[in-house]
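> Everything below, folded, please.
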Amino acid sequence: MFFGALGGCTGTYFASPFYMIKAQQHAQAVQSIAVGFQHKHTSMMDALLHIYRTNGISGFWRAALPSLNRTLVASSVQIGTFPKAKSLLKDKGWITHPVLLSFCAGLSSGTLVAVANSPFDVLTTRMYNQPVDEKGRGLMYKGLVDCFTKIWRTEGIHGMYKGFWPIYFRSAPHTTLTFVFFEKLLHLRDRYVFSQRRN
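Numbers count the residues shown, from 1 in each chain. From the prediction side, this is the model:
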């Protein structure tokens, strides 16, 4: 579980600039329907150059912490809950077919990932999309705790779960299929690779 979370966090850290630009471009709209702060990037390259000229190298990672927390939680929940769900379903005798067992355990894990991860998705998106001053400091949120506090006070728990269903329909199928294919590949490995070595 530790190495899964570590691997996820490493990838997230290096991809953070692109995730930030994606969040900013998703929120961008024409003036007549624009809501919230508009970064007005014309392309990914324009966004990279603008961030670098305005805030330097550190500007690319200004909101990496909530993104790292998001990945840490998702990886830990995903890797930690799948084997437990699988054991429970198998031990209770509810599901015996191997593929169906992997599917249901993966779906359970994916559901828990969505529930645990939704607040971190909201925090990450809000911090990535906020305007910053000339020193790269957020004009709306000072940091992760400030962002959480302001959302909680003004929007309550509902604010932490905005966009939950899109997160669920992204996380649950992804987690389910990942574990179904992973378990099937392990089965094929044991059947064809290890059996040949024993012979």
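
> what comes into contact with stretch 132-149?
By Cβ atoms under 8 Å, 6 or more residues apart in numbering, the residues outside stretch 132-149 that reach it are 54-56, 58-59, 62-63, 65-66, 69, 119, 123, 126-127, 130-131, 150. In short, each C-beta sits where N, CA and C put it, glycine included.

> helices or strands up against whichever strand or helix holds residue 75?
Taking DSSP states H and E as the definition, one finds residue 75 inside helix 64-91. Of the remaining helices and strands, those touching helix 64-91 by 3 or more Cβ pairs under 8 Å, 6 or more residues apart in numbering; DSSP states H and E are helix 2-27, helix 98-129, helix 144-160, helix 164-188.

> So what's the gap between it and the chain middle?
Helix 64-91 has its C-alpha centroid displaced from the chain centroid by 12 Å (Cα atoms, centre = their mean, to the nearest Å).

> Can you give me the buried ones in it?
Of the residues in helix 64-91, those buried under the neighbour-count criterion (16 or more other Cβ atoms under 10 Å) are 64-79, 81-82, 85-86, 89.

> gap between residue 12 and residue 181?
As judged by Cβ to Cβ, to the nearest Å, residue 12 and residue 181 stand 22 Å apart.

> related to what we said a few turns ago, quick check: which of the helices and strands packed on helix 64-91 is buried the most?
Taking mean count of other Cβ atoms under 10 Å as the contact definition, the stretch among those with the greatest mean neighbour count is helix 98-129, which reaches a mean of 21.

> report the angle between the axes of that helix and helix 64-91?
Computed by axes from the mean of the first three to the mean of the last three Cα atoms, to 10 degrees, the angle separating helix 98-129 from helix 64-91 equals 160 degrees.

> Check the offset of stretch 5-13 from the chain's centre.
Averaged over its C-alpha atoms, stretch 5-13 has a centre that lies 11 Å from its chain's centre (Cα atoms, centre = their mean).

> Now do the contacts for the closest residue to residue 161 other than its chain neighbours.
Distances taken as Cβ to Cβ, 6 or more residues apart in numbering put residue 118 closest to residue 161, at 5.0 Å, once the chain neighbours are dropped. Taking Cβ under 8 Å, 6+ apart as the contact definition, residue 118 lies against 160, 161, 163, 164, 167.

> for those, which one is nearest residue 193?
Proximity of those to residue 193 (Cβ to Cβ) peaks at residue 167, which lies at 36.7 Å.

> Let me know the secondary structure of residue 136.
Remark: residue 136 carries the secondary structure label coil [criterion: DSSP: H, G, I helix; E, B strand; the rest coil].
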